[in-house]
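Undergrad: sequence-free structure coming up:
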């Protein structure tokens, strides 16, 4: 949908279809037909469509308007290494080992910076206004990547609001000295305390130490929990227990939680209730989880038996704050993706089945906007209201099925009320980092 947005930034988006959910009624799946007045980078007024005939109207003819996206869980430090380090079999362990090898060999500051900037340019062109990235903390990488992240956060200020999460493995968390050293660096960077564990005999201790360290340093928490098909994985339950038992009051987010979908109904229900009691939020990564989970080709050709995602609908129904996000991009954990918040919403609807009844489906527009913004305490709220910044994505589609049936590559992205160039960076920019030309 080609739109001519006035260059002076003073105009009305007339006859726009806007999900009521992004304007305050989070449970509503309705679309409202509205006129949105924009001036000086701000939404000045929102009124029912047709109440006036402004001379500067941009008639959307029912086209859908969403707030710019919030991507709650990404890995900008890993992004775009696929051309030089592929996953040999598509499995989770294959991804882990490939990344370890590539990180050891190649992750100098310049390499991380260029790939991170490339990824952010993709996200920005697609319409993302805020992004949280996990950053590998295995020494000595933590001394390199935080410096790069802080520089990138400054460079992108005003375009993409950034948060960083220090990602540690179980062995690091169980080492008191290493945990404190990395947590102190995270605190200095204004970051988020992170980690990853699934099936581990020390999960209660791992979660207790993380939560206690977060409490001591006043840090929010964002963890990879139970990224595994094994129903024995109990990191999510242990996290909720640790939060409740310590009385921790900070923000806590659990990512993946895949094993929950493979557990017996009574165990899953009890865990969900405990998570709700603890106030832990959950982010699902539908594209990466479907790609990576249950891909075991050890005995030859085999089709995965399950989608790999968590029980997101049940978590939301229990009152758990939920969101969906991109996760990895063109690296051994996910060979595809482009940090496109709309792609996440579109594929999330198909994979997680939150699309019926379709009369309620637009409530899930918040899952890539207002809900992750609130979970992460971004200053950008991804809501539409008078006085809010005019950070918008405009689509030609007029209904859920029109929106979901195409990639919407012709969308218009408005930042501070002005249309931006949505041309994506060329992969050839990274050829010299990859050691190959194809």
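TA: In hand now; what should we look at? Source: prediction; values computed, not measured.

Undergrad: could you pull out the helices in the stretch 51-200 of the chain for me?
TA: 92-106, 109-126, 141-155, 170-174, 176-188 (DSSP state H, counting those that start in this stretch).

Undergrad: which stretch among those helices comes nearest residue 54?
TA: Counting by Cβ to Cβ, residue 54 lies closest to helix 109-126 out of the helices of the stretch 51-200 of the chain; the figure is 29.1 Å. In short, each C-beta sits where N, CA and C put it, glycine included.

Undergrad: now the closest one, how far from the centre of its chain.
TA: 16 Å (Cα atoms, centre = their mean, to the nearest Å).

Undergrad: what does stretch 260-275 give?
TA: Worked out by Cα atoms, centre = their mean, stretch 260-275 lies 23 Å from the chain centre.

Undergrad: for stretch 240-258, how far is the first residue from the last?
TA: The straight-line separation of the ends of stretch 240-258 (Cα to Cα, to the nearest Å) is 16 Å.

Undergrad: what does stretch 223-243 give?
TA: 13 Å.

Undergrad: try stretch 396-403
TA: 8 Å.

Undergrad: what does it rub up against?
TA: By Cβ atoms under 8 Å, 6 or more residues apart in numbering, the residues outside stretch 396-403 that reach it are 1, 17, 31, 61-64, 346, 355, 358, 361-362, 395, 405-406, 408, 410-411.

Undergrad: go again with 10 Å.
TA: For stretch 396-403, contacts defined as Cβ atoms under 10 Å, 6 or more residues apart in numbering pick out 1-3, 15, 17, 19, 29, 31, 33, 60-64, 66, 342, 345-346, 349, 355, 358-362, 364-365, 395, 404-406, 408, 410-412.

Undergrad: likewise for stretch 242-252?
TA: By Cβ under 10 Å, 6+ apart, stretch 242-252 touches 192-193, 203-212, 214-215, 217-223, 239-240, 274-275, 277-282, 321, 374-377.

Undergrad: buried residues in stretch 371-381, which are they?
TA: Residues of stretch 371-381 classed as buried by neighbour count (16 or more other Cβ atoms under 10 Å): 371-376, 378, 380-381.

Undergrad: tell me the one of these nearest residue 289?
TA: Closest approach to residue 289 among the buried residues of stretch 371-381 (Cβ to Cβ): residue 372, at 16.5 Å.

Undergrad: that closest one in helix, strand or coil?
TA: When classified by DSSP: H, G, I helix; E, B strand; the rest coil, residue 372 comes out as helix.

Undergrad: show me what contacts it?
TA: Counting by Cβ under 10 Å, 6+ apart, residue 372 touches 69-73, 130-132, 253, 281, 283, 321-325, 341, 366, 378, 382.
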